[in-house]
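Chemist: sequence plus the predicted model coming up.
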Amino acid sequence: MEKDSGTAAKEKSSSPKLVRGVFLAVLAGLLINTFMGLFIDAEEFKTAFTGVSVATFLVPFMTIMLVYLIDTFRYKLVFSRFGIKASFRDSLYNNIIGYFFSNVTPGSVGGQPFQILHFSRLGLDSAITSNVVFSRLIETTFVQLIIVVIFFHKGIGMMASLGNGAYLLGAGMLVTLILTALLLLGFLNPHILGVIALKIEKSWLGRLIAKITKDPCWAEKLSVWSQGLGAGFKVLWNQNFGIMLIDMFFAAVEQVLWSLALYIPLTMLAGTPPPFPEFLLSFVVCSLVSLFLPTPGASGSTEASFLLVLSTLTGKPGATMSAILIWRFGAYYLHLLFGGLVYFFVPTRKAVYTRGEDGILRHIRLSRRSAR
């Protein structure tokens with residue numbers, strides 16, 4: 001299939017911005033990592049890299065590929081609750097490109113909006129796609145909160161020996177609690193988004209939003225959308241609570257896989273890694289804190305925050321930095337390249353989901369649609 005001309009033109013016009021985002025992400029990572037290297041023992045760093053095979057670099061990359069596959073299954077599972085049979089191709093593409101856009105936007109905030117936009121372009125209702133994407137974000141946040149709560153006592157014990165890293169660990173646990181509270185508020189009261197929009201519609205901020213979006217009725221549309229979002233939450237969480245618990249279980253599995261992408265090379269290079277519960281807690285809080293730094297995809301800031309905490313836990317700064325660089329190369333920079341190639345060279349088409357006689361929305365191939 002080929003992209004429709006309108007969509008292709010929009011994407012083509014945004015290409016320079018994407019390339020600039022990729023360049024800034026790589027540059028920020030290079031500069032920050034080079035700066036950190038000035039404080040690491042060069043001999044220890046060199047020794048840690050000695051004997052590292054290509055397979056070691058591929059472990060993080062393949063681990064994230066496994067996360068994509070699990071996420072694809074999760075999409076198919078949850079969309080089915082709305083009478084939508086999401087195709088494997090569309091779901092996999094959405095996950096890959098969502099991660100790519102997270103990697104090129106400051107604070108990694110671009111992934112979820114693009115995922116919603118992509119499904120909406122395919123012809124799915126934006127309220128439903130927003131519901132599914134936002135529910136997944138809620139589940140991930142809940143899983144992170146559970147990890148923090150379960151291992152909170154270990155975090156308190158670790159803080160005494162982390163030095164400056166204790167401030168980062170404490171901030172990460174606090175951020176987890178605050179984010180959970182805010183997302184829970186939006187989850188329980190999605191209509192509040194529309195209420196806020198209508199109240200600020202006539203203010204300078206509302207006029208600015210109207211100017212940016214080129215839509216004077218943006219507040220009314222957001223209000224209607226928020227009502228649909230609330231209705232979708234009821235479909236998922238009231239009528240299909242068991243399914244959502246299964247989905248949350250897979251979200252927990254993904255969180256472990258994300259952490260294993262670093263834990264495995266850290267074990268191989270540091271020799272004696274920290275116990276996995278302490279590591280998992282550190283992984284969650286460091287990931288959250290690094291998102292608040294303004295580099296695209298938290299490039300460089302992620303390496304710095306992890307090094308600050310993990311080097312103290314392992315007692316081997318050089319080996320720890322080597323493991324972090326291997327992890328980021330495989331899980332971030334290679335996927336930056338992989339996601340970019342998928343985005344620019346794998347075609348998509350607008351509005352390809354059609355409701356069949358059984359009432360199920362399915363992805364219909366162009367040749368079949370043309371024949372009808």
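Modeler: Received, thanks.

Chemist: what's the mean pLDDT across stretch 278-293?
Modeler: Average pLDDT, stretch 278-293: 79.

Chemist: for it, which positions count as buried?
Modeler: Neighbour-count burial for stretch 278-293, counted by 16 or more other CB atoms under 10 Å, picks out 278-291, 293. In this view, the C-beta of every residue, glycine as well, is placed from N, C-alpha and C.

Chemist: ranges for the helices of the stretch 151-300 of the chain?
Modeler: Taking DSSP state H, counting those that start in this stretch as the criterion, the stretch 151-300 of the chain contains helices spanning 152-159, 165-188, 191-200, 204-213, 218-233, 241-270, 276-290.

Chemist: what does stretch 354-366 contact?
Modeler: Applying CB atoms under 8 Å, 6 or more residues apart in numbering, the contact partners of stretch 354-366 are 1, 83-87, 89-90, 122-124, 349, 352-353, 369.

Chemist: among these, which one lies nearest to residue 271?
Modeler: Top of the list for closeness to residue 271, among the contacts of stretch 354-366 and by CB to CB, is residue 89 at 42.5 Å.

Chemist: next structured bit after the helix or strand where the closest one lies?
Modeler: According to DSSP states H and E, residue 89 maps onto helix 88-104. Under the assignment DSSP H and E, the closest C-terminal helix or strand after helix 88-104 is helix 111-121.

Chemist: next SSE after that following helix?
Modeler: Downstream of helix 111-121 (by DSSP H and E), the next one is helix 126-150.

Chemist: show me what counts as buried in that next one.
Modeler: 126-148.

Chemist: got it, and stretch 253-267?
Modeler: So for stretch 253-267, counting by 16+ other CB under 10 Å, buried means 254-255, 258-267.

Chemist: what of stretch 333-344?
Modeler: 333-336, 338-340, 343.

Chemist: mean confidence score for that stretch?
Modeler: On average, stretch 333-344 scores 89.

Chemist: ok, now stretch 125-137?
Modeler: 83.

Chemist: of the buried residues of stretch 333-344, which belong to helices?
Modeler: Counting by DSSP state H, the buried residues of stretch 333-344 place 334-336, 338-340, 343 in helices.

Chemist: and those, which two are furthest apart?
Modeler: Using CB to CB, the two most remote members of these are 334 and 343, lying 14.8 Å apart.

Chemist: circling back: including distance to residue 152, could the ones in helices among the buried residues of stretch 333-344 go into TSV?
Modeler: Shown next, in TSV, are those (distance: CB to CB, whole Å):
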residue	distance to residue 152
334	34
335	31
336	34
338	36
339	34
340	39
343	39
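
Chemist: just the buried ones from the contacts of stretch 354-366?
Modeler: Buried members of the contacts of stretch 354-366, counted by 16+ other CB under 10 Å: 84, 86-87, 90, 122-124, 349, 352-353.

Chemist: pipe those residues into TSV and attach distance to residue 306 per row.
Modeler: TSV is the format used below for the buried ones among the contacts of stretch 354-366 (distance: CB to CB, whole Å):
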residue	distance to residue 306
84	38
86	34
87	36
90	33
122	36
123	41
124	37
349	40
352	41
353	40
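
Chemist: out of those, who's nearest residue 111?
Modeler: Using CB to CB, the buried ones among the contacts of stretch 354-366 come closest to residue 111 at residue 90, 16.0 Å.

Chemist: how about the contacts made by the closest one?
Modeler: Applying CB under 8 Å, 6+ apart, the residues contacting residue 90 are 119, 122, 363.

Chemist: in the stretch 251-372 of the chain, which ranges drop under the pLDDT threshold?
Modeler: Low-confidence segments of the stretch 251-372 of the chain (pLDDT under 70): 290-301, 366-372.

Chemist: now with 50?
Modeler: 368-372 (pLDDT under 50).

Chemist: distance-wise, check residue 90 relative to residue 345.
Modeler: As judged by CB to CB, to the nearest Å, residue 90 and residue 345 stand 16 Å apart.

Chemist: isn't residue 282 right next to residue 309, touching?
Modeler: Yes: with contact defined as CB atoms under 8 Å, residue 282 counts as touching residue 309 (5.0 Å).

Chemist: so residue 93 sits against residue 115, correct?
Modeler: No: the pair residue 93 / residue 115 is not scored as a contact, 10.0 Å apart, by CB under 8 Å.

Chemist: which one of these two has more residues nearby?
Modeler: residue 115 (23 against 20; other CB atoms under 10 Å).

Chemist: ok, now which ones touch that one?
Modeler: Going by CB under 8 Å, 6+ apart, residue 115 touches 94-95, 97-98, 129, 133.

Chemist: name the residues of whichever strand or helix holds residue 65 that are buried.
Modeler: Element membership for residue 65 (DSSP H and E) is helix 54-79. Across helix 54-79, burial judged by 16+ other CB under 10 Å covers 56-57, 59-61, 63-64, 67-68, 71-72, 74-79.

Chemist: before we move on, back to that, from the buried residues of stretch 333-344, which is closest to residue 315?
Modeler: When the buried residues of stretch 333-344 are compared against residue 315 (criterion: CB to CB), the nearest one is residue 333, at 27.2 Å.

Chemist: what about residue 361, how many residues nearby?
Modeler: Counted with other CB under 10 Å, residues neighbouring residue 361 total 20.

Chemist: mind pulling the model confidence for residue 10?
Modeler: So residue 10 comes in at 48 (pLDDT).

Chemist: ignore the last one, residue 216
Modeler: For residue 216, the predicted pLDDT is 78.

Chemist: right, and it touches residue 210 too?
Modeler: Yes: at 5.1 Å, residue 216 counts as touching residue 210 under the criterion of CB under 8 Å.

Chemist: neighbour count winner among these two?
Modeler: Shown here are residue 216 and residue 210; by other CB under 10 Å, residue 210 has more neighbours (16 against 12).

Chemist: how near is that one to residue 203?
Modeler: Remark: distance between residue 210 and residue 203 (CB to CB) = 11 Å.
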